[in-house]
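Q: fold the following, please.
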Amino acid sequence: MKFVKLFAPIFVLLVIAVTSTAAHDNSNEIGDPEPLAKPIMVRDENAPALASIAALYAPTENKESWLQLVCDGMTEGGCAYFKDNQADAVWQGQHGNDASWVSGNISDTIVINETAQVWKAQTSVFTREEKTFDVYILVARGTDGYWHLNRVLNAPGISQ
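A: Model prediction:
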């Protein structure tokens, strides 16, 4: 009983001190962050173009969402061309794929000028087994400094 009488006032004072300190400490306020419009998690200048190729070979269940994923790393004209001329065939032809991956290994680069290049990128598609093939693409450097997909020039499932 002596123990409770001795430590009860100390405990009450401790609780009051902790709660009043927490109530008056405004230095750790947390704000509501605004999401990025087009987040690029990888800080690689090639990421937008390569992400578009990876999305192209792994259609999602929702065609509009898939088109958005593909077009996020494309130029405006490239997206419009893809939607008008290639999207339907790719959607139907690649819809059974589980996933795809594009290596960061870009070879046989042809420099057209400061803002345009042709790349050969190795791409893998996963279904029950892995299929690897080369994709030839035309890329354009955007005002953001990143390379964006402009056209798929030659690749499985892509017609000109």
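Q: all contacts plus neighbour counts: C-alpha atoms, from now on.
A: Noted.
Q: going along the chain, name the helices of the chain.
A: Taking DSSP state H as the test, the helices found in the chain are 2-24, 47-56, 63-72, 76-85, 87-94.
Q: what pairs with residue 116 across the strands?
A: Judged by DSSP bridges, the bridge partners of residue 116 are residue 113, residue 140.
Q: ok, back up a step: which of the helices of the chain has the lowest average pLDDT?
A: Here the helices of the chain differ in mean pLDDT, and the lowest is helix 2-24 at a mean of 50.
Q: show me the contacts for the closest residue to residue 56 other than its chain neighbours.
A: Nearest non-adjacent residue to residue 56, counting by C-alpha to C-alpha, 6 or more residues apart in numbering: residue 70, 5.6 Å away. In this structure, residue 70 makes contact with 51-53, 55-56, 79, judged by C-alpha atoms under 8 Å, 6 or more residues apart in numbering.
Q: from the residues you listed, pick the one nearest residue 154.
A: In terms of C-alpha to C-alpha, no member of the contacts of residue 70 lies closer to residue 154 than residue 53, at 12.0 Å.
Q: could you check how far the closest one is from residue 123?
A: 8 Å (C-alpha to C-alpha, to the nearest Å).
Q: same question, residue 142
A: For residue 142, the distance to residue 123 - C-alpha to C-alpha - is 23 Å.
Q: and what of residue 54?
A: 8 Å.
Q: neighbours around residue 65, how many?
A: 12 (other C-alpha atoms under 10 Å).
Q: distance of residue 84 from residue 78?
A: In terms of C-alpha to C-alpha, residue 84 sits 10 Å off from residue 78.
Q: of those two, which one has the most company?
A: Between residue 84 and residue 78, residue 78 has the larger neighbour count (other C-alpha under 10 Å), namely 20 against 10.
Q: if we can go back for a sec, quick one: buried ones out of the contacts of residue 70?
A: Buried members of those, scored by 16 or more other C-alpha atoms under 10 Å, are 51-53, 55-56, 79.
Q: quick check, nearest of these to residue 148?
A: Distances from residue 148 to the buried ones among the contacts of residue 70, taken by C-alpha to C-alpha, are shortest for residue 52, at 8.4 Å.
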